[in-house]
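Q: Curious how this folds, go ahead:
(chains A, B, C and D)
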2 protein chains.
Amino acid sequence: MDNHDLPETTARERNEQRIFEAAESVFARHGYRGASIQAIAAAAGIPKSNVLYYVGSKRRLYVTLLERTMWRWNEMLSDISVDDDPAEVLEAFIRSKMQLSQTHPRSSRLFANEILQGAPFLKESLFGEMREWVEARAEVFRQWAERGLMDPVDPVWLIFLIWSATQHYADFETQIVGITHRDKLDERDFQSAGDFLCQVIIKGCGVRRRDGAVREP
Amino acid sequence: MDNHDLPETTARERNEQRIFEAAESVFARHGYRGASIQAIAAAAGIPKSNVLYYVGSKRRLYVTLLERTMWRWNEMLSDISVDDDPAEVLEAFIRSKMQLSQTHPRSSRLFANEILQGAPFLKESLFGEMREWVEARAEVFRQWAERGLMDPVDPVWLIFLIWSATQHYADFETQIVGITHRDKLDERDFQSAGDFLCQVIIKGCGVRRRDGAVREP
DNA sequence: ATGAATCCTGACCGATCGGTCAGCTTTGGG
DNA sequence: CCCAAAGCTGACCGATCGGTCAGGATTCAT
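A: As a prediction, the model looks like this:
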């Protein structure tokens, strides 16, 4: 029945991909309970029974998507050290998160939905990884502050600030589009919003260049 | 059947309040489709039939809660002008949004869920009000920049930054709590996070005191 | 060609969904 | 005390939910 160790057949790969895309879209929009396999099947253009044939159950499909999202997320800023330039790292952090919001908005919304319902499917197990990720980066930020490379701001609040500000352009895209008369957010919008966030956050944290000069025009 | 113009009976007031509280909690957690009247009734300690007796339908209950949230939201920063102090206004903006996240986190999550599913219930009608709200404040920010009271940042992106950063503490409370080892966010957490946001955002936008001095210790 | 493995699907299951309704009890002004 | 209005609820409705299953269709190495 299960032969995940053998190379997948093309049929399985093709259908699973279509199902994952459709499921991510529906889960992102309606959450776990609000999504129905029927709706996912319709979006994928596949009979409901066939969806269940491939993914086993709604729960398993949802968890698979969640893990895929978390995996993609954890790749970011995989190696930073105290010796890096704070401005460069913060900018890279903001830009890469902004990139994720632009290229994978539905993943972001899927994750947001999971948190909104109390994170019942990734409680502890995956929060543990995120905790380590945050604490490692926070420690670097703290040492930068000690070395006078930036203001002594709370590094954890800083991380949450960057998360929230960047994810906003994926999770609340509907609101942004509705308020600013746009049809959709395009490349230029993400670029300009990224510029704004880099400028305000880096300056707001009093980040200085390595030579000690204040980053000011 | 409906006598909304007459003074409500105490029974009606009492039960509606219990239903609204329970419904806000369930809708905030599971979204519109994912919420069930059965679950709302159970949370309110009232039979399902009785819930429908009071609120009419799931749709009406949901819209009522959405409108109540929007109304509470639109009260903020009701009167600001170009002659106000930018630092004071931005701080008041951040503090009041932070206060909303602290005192009405479920309202915030209800709204977030509505946006995530594409805002099907407040499309246009209520986005119009928000658009006017944003444009009016953005115009003030723009004039402050022209007068050299702050950097010429995009005022709309600035508003979205403050929205996202403050709402994060309500919408993603589960994640914050899970990552930072806390049991829940308390008064001190909101105070310190608010301090952080005021400091970083006001400094990051280059806001100056009216006398022209840079806001720096 | 053939047989095993995989792919695929309509029919069906019990549970739950939002909503209706008949008919009960409780309340309060006259 | 009386009775209309309001409050209240169990039973029930058709639709949809997640999931199962028997069995046909397709594929492919031999």
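
Q: how about the nearest residue to residue A:117 once chain neighbours are set aside, what does it touch?
A: The shortest distance from residue A:117 to any non-neighbouring residue, by CB to CB, 6 or more residues apart in numbering or on different chains, is to residue B:29 (4.9 Å). In this view, the C-beta of every residue, glycine as well, is placed from N, C-alpha and C. Under the criterion of CB atoms under 8 Å, 6 or more residues apart in numbering or on different chains, the neighbours of residue B:29 are A:116-118, B:35, B:109.

Q: On the three-state scheme, residue A:153 is what?
A: coil (DSSP: H, G, I helix; E, B strand; the rest coil).

Q: Go ahead and confirm it touches residue A:145.
A: Yes: between residue A:153 and residue A:145 there is a contact at 7.1 Å, judged by CB atoms under 8 Å.

Q: hey, what's in contact with both of the two?
A: Common neighbours of residue A:153 and residue A:145 (CB under 8 Å, 6+ apart) do not exist.

Q: In contact with the nearest residue to residue A:109 once chain neighbours are set aside, which residues?
A: The spatially closest residue to residue A:109, leaving aside those adjacent along the chain, is residue A:28, at 3.7 Å (CB to CB, 6+ apart). Counting by CB under 8 Å, 6+ apart, residue A:28 touches A:106-110, A:113, B:116.

Q: Max pairwise distance over these: which two?
A: A:107 and B:116 (12.7 Å; CB to CB).

Q: out of these two, which sits in the more crowded spot?
A: Remark: of residue A:107 and residue B:116, residue B:116 carries more neighbours, 26 against 21, as counted by other CB atoms under 10 Å in any protein chain shown.

Q: quick one: the closest residue to the more buried one other than its chain neighbours from residue A:103, how far?
A: The shortest distance from residue B:116 to any non-neighbouring residue, by CB to CB, 6+ apart, is to residue A:109 (5.4 Å). Distance, residue A:109 to residue A:103, by CB to CB, to the nearest Å: 13 Å.

Q: Give me the more crowded residue out of the two.
A: Using other CB under 10 Å, the more surrounded residue of residue A:109 and residue A:103 is residue A:109, with 27 against 12.

Q: Please settle this for me: is that one part of a helix?
A: Yes: Residue A:109 forms part of a helix when assessed by three-state DSSP.

Q: With chain B as the reference, measure out to residue A:16.
A: Look at residue A:16 and chain B: by CB to the nearest CB, to the nearest Å, they are 25 Å apart.

Q: ok, that residue to DNA strand D distance?
A: Relative to DNA strand D, residue A:16 is positioned 16 Å away (CB to the nearest atom of the strand, to the nearest Å).

Q: Now name the helix or strand holding the closest residue to residue A:172 other than its chain neighbours.
A: Leaving aside its sequence neighbours, residue A:172 sits nearest to residue B:115 (CB to CB, 6+ apart; 5.2 Å). Element membership of residue B:115, judged by DSSP states H and E, is helix B:105-116.

Q: got a list of contacts for that helix?
A: Outside helix B:105-116, the residues touching it (CB under 8 Å, 6+ apart) are A:28-29, A:31, A:109, A:112-113, A:116, A:171-172, A:174-175, B:24-25, B:27-29, B:31-32, B:65-66, B:68-70, B:72-73, B:100-101, B:120-122, B:167, B:170-171, B:173.

Q: on that earlier part again, so for the residue nearest to residue A:117, what's the pLDDT?
A: Here the pLDDT value assigned to residue B:29 is 98.

Q: can you check residue A:68 too?
A: So, for residue A:68, pLDDT stands at 92.

Q: low pLDDT regions in chain A?
A: Within chain A, the ranges that satisfy pLDDT under 70 run A:1-9, A:210-217.

Q: longest single helix anywhere in chain A?
A: Counting by DSSP state H, the longest helix found in chain A is helix A:10-34.

Q: That one near DNA strand C at all?
A: Yes: residues of helix A:10-34 contacting DNA strand C under CB under 7 Å from any atom of the strand: A:11-12, A:15.

Q: Next secondary structure after that helix?
A: helix A:37-44.

Q: what about that next one and DNA strand C, any contact?
A: No: judged by CB under 7 Å from any atom of the strand, helix A:37-44 and DNA strand C are separated, with a smallest distance of 9.0 Å.

Q: and the closest residue to residue A:184 other than its chain neighbours, what element?
A: Distance criterion CB to CB, 6+ apart; nearest residue to residue A:184, sequence neighbours excluded, is residue A:177 at 6.1 Å. Using DSSP H and E, residue A:177 sits in helix A:173-179.

Q: Fine, thanks again, bye for now.
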